[in-house]
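Q: structure here, sequence nowhere to be found:
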């Protein structure tokens, strides 16, 4: 009797997923890629090996619409100029390109970080320590697609004792957020970041409440 009940529940669950999977998967995607509201002093473009044009556009839009005042670009491999697409003087190149987009010198900050495990936690500690010395109290964090939730809670945990509030904003440069499950890149990112988010939670890098609270 109990076994039959379990089979009925499984069948009902499978039927619900079959008929409502777009809504279910869309909700799951928004869970890993939360989007906050409000303004801040700075926009942080989370570190990658090469700064993406789509992230820069998002940052510039925040500044042009008045949601932020300055742009903080973080990039990795600080000791490895000349590889992974980085040429010597990459930070100067970035500053020049941002100046060409209309930003003033005092609106641009470029931070070079080490790729030290755990990478996101190490980056957050370095970046927010620097911003704390500059008396920053609120920052918009632009992170890549489903990496957003893990980055947000990592930065949030580091920022809280420093008095820095973090507002998350996802960037989807490789696939669309509303139908990510239809693209291989989207599926790989969702599954991979789900595992990494759980790993950060298990290691205590992010708090228990990060599982349920945006």
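A: Ah, there it is. For clarity, every value in this text was computed on a predicted model and none was experimentally measured.
Q: which SS state does residue 66 fall under?
A: Three-state call for residue 66 (DSSP: H, G, I helix; E, B strand; the rest coil): coil.
Q: let me fix that, I meant to ask about residue 170.
A: strand.
Q: neighbours of it, just the number please.
A: 23 (other CB atoms under 10 Å). Quick note: C-beta positions are derived from backbone N, CA and C, even for glycine.
Q: next, work out how far apart it and residue 54 are.
A: 11 Å (CB to CB, to the nearest Å).
Q: now residue 76
A: As judged by CB to CB, residue 76 and residue 54 stand 17 Å apart.
Q: neighbour count: those two, which is higher?
A: With neighbours defined as other CB under 10 Å, residue 76 and residue 54 compare such that residue 76 has more, 20 against 14.
Q: tell me where the model's unsure across this protein.
A: Applying pLDDT under 70 to the chain picks out residues 1-21, 77-88.
Q: just want the most central residue of it.
A: residue 143 (2.2 Å; CA atoms, centre = their mean).
Q: in three-state terms, label that one for me.
A: Strictly by three-state DSSP, residue 143 counts as strand.
Q: so what's it up against?
A: 46, 151, 152, 168, 169, 170, 171 (CB atoms under 8 Å, 6 or more residues apart in numbering).
Q: the same query, at a cut-off of 7 Å, please.
A: 46, 151, 152, 168, 170, 171 (CB atoms under 7 Å, 6 or more residues apart in numbering).
Q: ditto for residue 192
A: Applying CB under 7 Å, 6+ apart, no residues contact residue 192.
Q: what strand or helix carries it?
A: helix 184-203 (DSSP states H and E).
Q: give me the buried positions along that helix.
A: Across helix 184-203, burial judged by 16 or more other CB atoms under 10 Å covers 186, 189, 190, 193, 194, 196, 197, 200, 201.
Q: same deal with stretch 207-214?
A: Neighbour-count burial for stretch 207-214 flags residue 210 (criterion: 16+ other CB under 10 Å).
Q: where along the chain do the helices fall?
A: Under the criterion DSSP state H, the chain contains helices at 2-32, 53-64, 90-100, 119-133, 148-159, 184-203.
Q: which one of the contacts of residue 143 is nearest residue 213?
A: residue 152 (10.9 Å; CB to CB).
Q: burial count for that closest one?
A: 26.
Q: just flag the most distant two among the contacts of residue 143.
A: 152 and 171 (12.6 Å).
Q: circling back to that earlier point, would you convert the contacts of residue 143 into a markdown table that also reports distance to residue 33?
A: Formatted as a markdown table, these follow (distance: CB to CB, whole Å):
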| residue | distance to residue 33 |
| --- | --- |
| 46 | 13 |
| 151 | 10 |
| 152 | 9 |
| 168 | 8 |
| 170 | 4 |
| 171 | 9 |
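Q: closest to residue 110 out of those?
A: When the contacts of residue 143 are compared against residue 110 (criterion: CB to CB), the nearest one is residue 46, at 13.3 Å.
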